[in-house]
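Chemist: Mind folding the following:
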Amino acid sequence: MPHFLYRTTLASAVLLACAGTALAQEQVVKIGHSGPLSGPNTFAGRDNDNGVRLAVEELNARKIKVGGKTLKFEVVSEDDQCDAKTGVAVAQKFVDTGVRYVMGPYCSGVTIPASRVYDNGGTLVSTVGTNPKITQAGYKNLFRIVASDVQAGANMATYAAKDLKAKKVAVIDDRTAFGQGLADEFAREAQKLGLAVVGREFTTDKATDFMAILTNIKAKQPDAIFYGGYAPQAAPMARQIKQLGINAKLLGGDTLCSPEMPKLGGDAVDGAVYCAYAGMLVDGDAGAKTFQDKFKQRYGQAPDVYGPFYYDQVMNLGQAMEKAGSTDPNKVGAWLHQHPYKGVMGEYAYDDKGNRVKAPVVVMTFEGGKAKPLASY
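Modeler: Reported below is the predicted structural model:
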């Protein structure tokens, strides 16, 4: 062999050996994200994805070691379109490709069927799906990282009765697992508190014209209208409530706390929309405010409703792997059940079914196009 070829071959071998050693000292941990990256809820899916990615960047900078290897976190994001069939296909793809940690799904109607696939595949799931059925299935490695419909719906009913002094309420839902579940909980608690539910109407999560059902409701003269659904429908609904001259507040869950509401609803939103945000007050907490500034610097905009929760839970997972000394979802899941974590959005502690215990809920309205906190529960 010519001398220069020998030296080239030797140099290549050394480089390969070094690369092999580096890889041997590193362990890749894939963090999947399942959410709506297209369609009317794209803004929420992108925000959630940003929360995941920001946490992964920070975890990689920390160079966490488990079993002598440095963990390298990688984000794998898939568009489930808030569609059950698509979400199940995404779940199967994640399971088949060795993704053992998934953030999402965003929509309860996707989470309910997809969680069975994840459980069968040994994947740990952290969802913001709020329908109570999600955690009733008994999957040991499924965690709800926000308040459930039971908490949000009940607190909104309490606020309507005690603070808004409402006597009569109408209820609309979009027939999704999220919207219907939330509306059911609100109606149930409202009746317990002595409020009269004077109308129950239904729409879809694709609708934009609510004039017919709002005209029916107007005749019943409710003090408040509760909507179980998402911001892309709630915003035009608020405009049409104003257009029809209905003297009633529009109430809803945390999806109505989105910055998209004033963007889409304009002046029909200010002082007229009230929402139950499953989080804590950002401006009243130094850590949360720091996170918000960091997020804005990284992505050029403030976080939406759920981005901070996704960030918190990914950071929680990283710490759990380090403390448990394992990347095995069963061991990490056991750690999450046994040890609370203090994040941007408060303390994360879970009951035996994976519900977040003592999840904070803040009732908010809008003033000058910005969310304004009114009461916390």
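
Chemist: phi, psi of the most centrally placed residue in the chain?
Modeler: In the chain, the residue lying closest to the centroid (CA atoms, centre = their mean) is Val128, at 3.6 Å. Dihedral pair for Val128: phi -110, psi 10, per degrees, to the nearest 10.

Chemist: Provide a list of residues in contact with it.
Modeler: Neighbouring residues of Val128 by CB atoms under 8 Å, 6 or more residues apart in numbering: Asn48, Gly104, Tyr106, Arg144, Ile145, Val146, Tyr306, Phe309, Tyr310. In this view, the C-beta of every residue, glycine as well, is placed from N, C-alpha and C.

Chemist: Narrow these to those in helices?
Modeler: In this view, the contacts of Val128 that belong to helices under DSSP state H are Asn48, Phe309, Tyr310.

Chemist: which residues sit in contact with the last one?
Modeler: Looking back up the chat, that one is Tyr310. Taking CB under 8 Å, 6+ apart, we find Tyr310 in contact with His33, Asn48, Asp49, Gly51, Val52, Ala55, Met103, Ser126, Val128, Ile145.

Chemist: With distance to Thr97 and pLDDT added, can I get those in a markdown table?
Modeler: Shown next, in a markdown table, are those (distance: CB to CB, whole Å; pLDDT from 0 to 100):
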| residue | distance to Thr97 | pLDDT |
| --- | --- | --- |
| His33 | 14 | 98 |
| Asn48 | 20 | 97 |
| Asp49 | 18 | 98 |
| Gly51 | 22 | 97 |
| Val52 | 17 | 98 |
| Ala55 | 21 | 98 |
| Met103 | 16 | 98 |
| Ser126 | 18 | 98 |
| Val128 | 23 | 95 |
| Ile145 | 23 | 97 |
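
Chemist: Out of the residues you listed, flag the one nearest to Ala89.
Modeler: Of all these, His33 has the smallest distance to Ala89: 15.1 Å, by CB to CB.

Chemist: that's a helix at that closest one, yeah?
Modeler: No - counting by DSSP: H, G, I helix; E, B strand; the rest coil, His33 falls outside a helix, being strand.

Chemist: who's it bridged to?
Modeler: Beta-bridge partners for His33, by DSSP bridges, are Ser77, Met103.

Chemist: ok, it touching Ser77?
Modeler: Yes - between His33 and Ser77 a contact is recorded at 4.3 Å, counting by CB atoms under 8 Å.

Chemist: what do these two both touch?
Modeler: Common neighbours of His33 and Ser77, using CB under 8 Å, 6+ apart, are Asp49, Val52.

Chemist: Looking at the two, which has the bigger crowd around it?
Modeler: Taking other CB atoms under 10 Å, His33 and Ser77 do not tie; His33 has more neighbours (30 against 19).

Chemist: I'd like to know how far the more buried one sits from Glu185.
Modeler: 27 Å (CB to CB, to the nearest Å).
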